[in-house]
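Undergrad: build me a structure from this.
(chains A, B and C)
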Amino acid sequence: MPKIGEIKIEKGAVVCVEAQIEGDFSVEIGAKTVIHPKARIIAERGPIKIGTDNLIEEYVVIRNTRTEPLIIGDGNIFEIQTKFEGIKIGDRNIFEVRSLITGDVEVTTGCIFGIGASLARPEIVKPKTVLTDQDGILCRRNAEIMPATNTTHITFLHRILPNYHYLKETFENK
Amino acid sequence: MKGKDITAKKRFEKCTLYDVERVLYKNGSVAKPLCRLLYCRFCNDLRYYNSDLIQVEVDSHYCMHALDNVPTTEAIMKKNRSRSYWQCPACPSVLTQKQSWVIEENPEKPEEPFQRKTHYMQCPFCHWSTRDLGIPDAPTAGSWPEKENLNQSRINELYEYTKQLSLQQASLSKSKASRKITKVAGKIGGFSPMLLNYSMRDDGSAKKKPIELDNPKTRTLEELDDLPEEYLSEDGLDFWKTTSLKQRFDQPEYQPELTKDLYPRRLTMGVKRSLRCRQCDHNLLKPEFSPSSIKFKMHLIATSFIPEIRLFKPSAFSTDSLSANVFLTVTNPTHSPMNIILLPFCEEENEESYRFPKITGKIMLPADSYEIPAKDTLLDYSCLTKTTENLQPSEDGKIVLPQPNKIAFNCTYQSDGVESSEGAADKWVALRIKHDTLDQKQQSIWISHVVFIKISS
Amino acid sequence: MEIRVENCDRKHFLETTTRNRVSKMAGLFGSQNIVLSGKVFVGPTCVIRGDLAHVRVGKYSMIRDGTILRPSLKHFNKGVAFVPLTIGEHCLIEENVVVSAAQIGSFVNIGKNAVIGKRAVIKECAVILPDAVLAPDTVVPPFAIFGGAPARPVGKVPDNHQEAITELTTTFYQNTKVEDFGKGK
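TA: Numbers count the residues shown, from 1 in each chain, chains lettered A, B, ... in the order given. Sure thing, here's the model as predicted:
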């Protein structure tokens, strides 16, 4: 439920009504982004700007605990129960189920956070890093290839989600 | 994530639906929970699958991923490795199932681009892919080149030598035991079907001397090589490019040190096994042939014949934790009424008591013998809605439970007074349970078991 | 120890015509695609996403608090589709599990906080340990115990597993039946 603060959802974004976008500051959501029900985007102490083509699934918590705006790029995937409280996110990253990013982390492009991976110390994650949690130990690897894009996934969701959910209102991008 | 410090093996013991490690039945020199034991109806005795009295036979091989049967000869030829599935070398033991394919455009003529499908493998968990190795993508799905083992010729030499040795030994030992094994036609896994064929033929080839083995001689080193320069340089080792110990030991034949040498390995096959009692030569556990079936052709597990003792609720200890009120339930799993007699436990003299849990006290049982009704096949589950909280015992100490084939009773535990140094150590008691059962000739016989029960929380 | 199941707070549950017990605080999206075969227990704060694909849950299954049942995505030559999720009978899915599998067989026990990857196939009588993480597309053979992250086989299920889990799920269902339940659709 929105409290104070403007929420600007661009035309073409699919944001389900059960998603909770709250906070005292403004939240901007780019075109073609899909936000599933029960996701939470909290602009606690600063605004949040989410780019285009992102996919935010259930129980994701994106929280801005800084006064500077939190900028999330394009083509990112946030899977179920992810938690992000970092500085910045670039493009085409994948945050898998239950990944936790607390602390001053800046994520660049093409990174993959595996299931349950958690980062708490301040860091700049280099492009194409893969962090996986194997039996409690965080393993890092450099990948050669960028992760796959999610455009087909998003177009499919654009087709079926409006059949089952009410959507939040969108504004024309001026 | 705190919970992930515990290794998977330890958590396995606590994973079951009810705490099975609390009540252990003694079988020979081990004490195991009843759900892990088998019952031989012909010898009228419990059996544990890891003991000498049980022979494990391989029934069939199947692919763990595709869940389809693989003929035994093919399994032996492929050394129990799957023909089409590979395992990721980076994260331990995960399948590289994702055989994605990419359509590439190779223009042979500039106006008509030529599209080609290529295949590469990717791990779905750690996102390692064959492109990280620099291997060119395979044109078809199954055509990944096998990596050669540099030590293969030496291994073949050792294999031939041991095969010759075993042939010699098999022909020399003409005992009854070896003849018995040969009756079980070809069911023992590994390379022994070929062994059986040889021993049954009994030709003169076994009498030849085995090939002499050419062992490399040990040599002493006067000087050791210096450390490679990269260890002493300022940058140190490049940890992004070195493999971890786990990744190395997962492939003992190759043990790659650099990540660019990490090649995927083939998935090992699963095996369906049947268990046979050695004393009477009868099958105790025989699964169905199909890998995805959960039915059994023969399913003589102990929980369908032996009454199972469980703790009914957590014991109420007195304040000095030297005595407690213990509630036990006994379940009759058979379809006929069963009489049980509970007796106190007495230690036998020559027993290796270190393998069993250390008994810390005595348990006082209210009465000697009970009769438990049969299991009701057409159980009306509405009877289970009555609460089991405030049930009063009847005259002989027996509490009648809603479920017909289960009784509970109350007993008292008295500690021996020997407090161990840990303080909150596990408290074990032991008792003997004697019950009647029908043997092969449909006659009623009495069998007794020794049961160890852990009553501390 | 005897199988003991805690009773749930009976005021917050609805009982359907097919005798399913669904918590009022559970989120069932796309309920026309969700089939609960009968005597299924769905705990509070569960989420079942029927809007993405069909979800079918077999009888006497227990889906405990905080679990998310979510059909997974599969890429084909000509596009993507969500794979329907089927759960067999007498399954016990503990708290806080994320299930994205394609198929879960009967008599399966999934421990707390596990994550079942996309398109996974879990065959009958399997056990997944608590805190396990199954990689996408894993196949769990019958009678296997899978644990760890990534999940790999760590043991074999005791032979009486089928009877034990049947007894547990039926006892649990019977213990939660009292006249206080409100009638729902």
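Undergrad: which residue does chain A have closest to chain B?
TA: A:Gly136 (3.2 Å; CB to the nearest CB). Bear in mind the C-beta positions are built from the backbone N, C-alpha and C, glycine included.
Undergrad: show me the contacts for residue 145.
TA: No chain was given, so I picked chain A. By CB atoms under 8 Å, 6 or more residues apart in numbering or on different chains, the residues touching A:Ile145 are A:128, B:129, B:131.
Undergrad: nope, chain C
TA: Taking CB under 8 Å, 6+ apart, we find C:Ile145 in contact with B:12, B:15, C:126-129, C:153-157.
Undergrad: for stretch B:359-366, C-alpha coordinates in CSV please.
TA: The C-alpha trace of stretch B:359-366 is given here as CSV (Å, rounded to 0.1, in the frame of the first residue of the first chain):
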residue,chain,number,x,y,z
ILE,B,359,22.8,-48.3,29.7
THR,B,360,22.3,-45.8,32.4
GLY,B,361,19.4,-47.2,34.4
LYS,B,362,16.7,-49.7,35.0
ILE,B,363,13.1,-49.6,33.8
MET,B,364,10.3,-51.0,35.9
LEU,B,365,7.6,-52.4,33.8
PRO,B,366,4.0,-52.5,35.2
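Undergrad: list, one by one, the residues from the stretch 101-250 of chain B near chain A.
TA: Proximity of the stretch 101-250 of chain B to chain A (CB under 8 Å from any CB of the partner chain) is limited to residues B:125-129, B:131-132, B:240, B:244.
Undergrad: make a markdown table out of those residues and add distance to chain C.
TA: Below are these laid out as a markdown table (distance: CB to the nearest CB, whole Å):
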| residue | distance to chain C |
| --- | --- |
| B:Phe125 | 4 |
| B:Cys126 | 8 |
| B:His127 | 10 |
| B:Trp128 | 12 |
| B:Ser129 | 14 |
| B:Arg131 | 18 |
| B:Asp132 | 17 |
| B:Trp240 | 21 |
| B:Ser244 | 15 |
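Undergrad: can you say which of the contacts of C:Ile145 are buried?
TA: Buried members of those, counted by 16 or more other CB atoms under 10 Å in any protein chain shown: B:12, B:15, C:126-129, C:153-155, C:157.
Undergrad: B:Arg273: which of the residues of the stretch 101-250 of chain B next to chain A is nearest?
TA: Distance to B:Arg273 across these (CB to CB) is lowest for B:Phe125, with 28.8 Å.
Undergrad: and the helix or strand of chain A with the lowest mean pLDDT, what does it pack against?
TA: In chain A, the helix or strand scored least confidently by mean pLDDT, DSSP states H and E is strand A:137-142, which has a mean of 78. Packing partners of strand A:137-142 (3 or more CB pairs under 8 Å, 6 or more residues apart in numbering or on different chains; DSSP states H and E): strand A:129-134.
Undergrad: the strand it packs on vs chain C: in contact?
TA: Yes - residues of strand A:129-134 contacting chain C under CB under 8 Å from any CB: A:133-134.
Undergrad: before we move on, the earlier item: for the least confident helix or strand of chain A, buried residues please.
TA: Buried, per 16+ other CB under 10 Å, within strand A:137-142: A:139, A:141.
Undergrad: angle of that strand against strand A:129-134?
TA: On the basis of axes from the mean of the first three to the mean of the last three CA atoms, to 10 degrees, strand A:137-142 is oriented at 150 degrees to strand A:129-134.
Undergrad: sheet-wise, list the partners of strand A:137-142 with their directions.
TA: According to DSSP bridges, strand A:137-142 has the following sheet partners: strand A:129-134 (antiparallel).
Undergrad: what does the strand it pairs with rub up against?
TA: The set of residues external to strand A:129-134 that reach it, using CB under 8 Å, 6+ apart, is A:111-119, A:125, A:138-143, B:1, B:4, B:91-92, B:125-128, C:133, C:149-150.
Undergrad: skip the chain neighbours and tell me the closest residue to whichever residue of chain A sits closest to chain C.
TA: Residue of chain A nearest chain C, by CB to the nearest CB: A:Tyr164 (3.5 Å). The shortest distance from A:Tyr164 to any non-neighbouring residue, by CB to CB, 6 or more residues apart in numbering or on different chains, is to C:Asp51 (3.5 Å).
Undergrad: I figured that neighbour was touching C:Phe29, is that so?
TA: Yes - using CB atoms under 8 Å, C:Asp51 is in contact with C:Phe29, at 4.6 Å.
Undergrad: joint contacts of the two?
TA: Shared contacts of C:Asp51 and C:Phe29 (CB under 8 Å, 6+ apart): A:164-165.
Undergrad: residues near A:Ser118, how many?
TA: 16 (other CB atoms under 10 Å in any protein chain shown).
Undergrad: tell me how far it lies from B:Asp281.
TA: 56 Å (CB to CB, to the nearest Å).
Undergrad: same check on B:Ser293?
TA: 26 Å.
Undergrad: isn't B:Asp416 up against B:Lys362?
TA: Yes - using CB under 8 Å, B:Asp416 is in contact with B:Lys362, at 7.1 Å.
Undergrad: the more surrounded of the two?
TA: Per other CB under 10 Å, whichever of B:Asp416 and B:Lys362 has more neighbours is B:Lys362, with 15 against 12.
Undergrad: quick one: contacts for that one?
TA: Contacts of B:Lys362 were listed using CB under 8 Å, 6+ apart, and they are B:344, B:413-414, B:416, B:429.
Undergrad: and it, how far from chain C?
TA: 21 Å (CB to the nearest CB, to the nearest Å).
Undergrad: swap in B:Leu300?
TA: From B:Leu300 to chain C the distance is 10 Å (CB to the nearest CB).
Undergrad: once you drop chain neighbours, what's closest to that residue?
TA: B:Leu284 is the one closest to B:Leu300 (CB to CB, 6+ apart), at 4.6 Å.
Undergrad: do the same with B:Arg432
TA: Per CB to CB, 6+ apart, closest to B:Arg432 is B:Leu343, 4.3 Å.
Undergrad: and for that neighbour, the neighbour number?
TA: Neighbours around B:Leu343, by other CB under 10 Å: 14.
Undergrad: now do the phi/psi pair for it.
TA: B:Leu343 adopts backbone torsions of phi -130, psi 150, taken as degrees, to the nearest 10.
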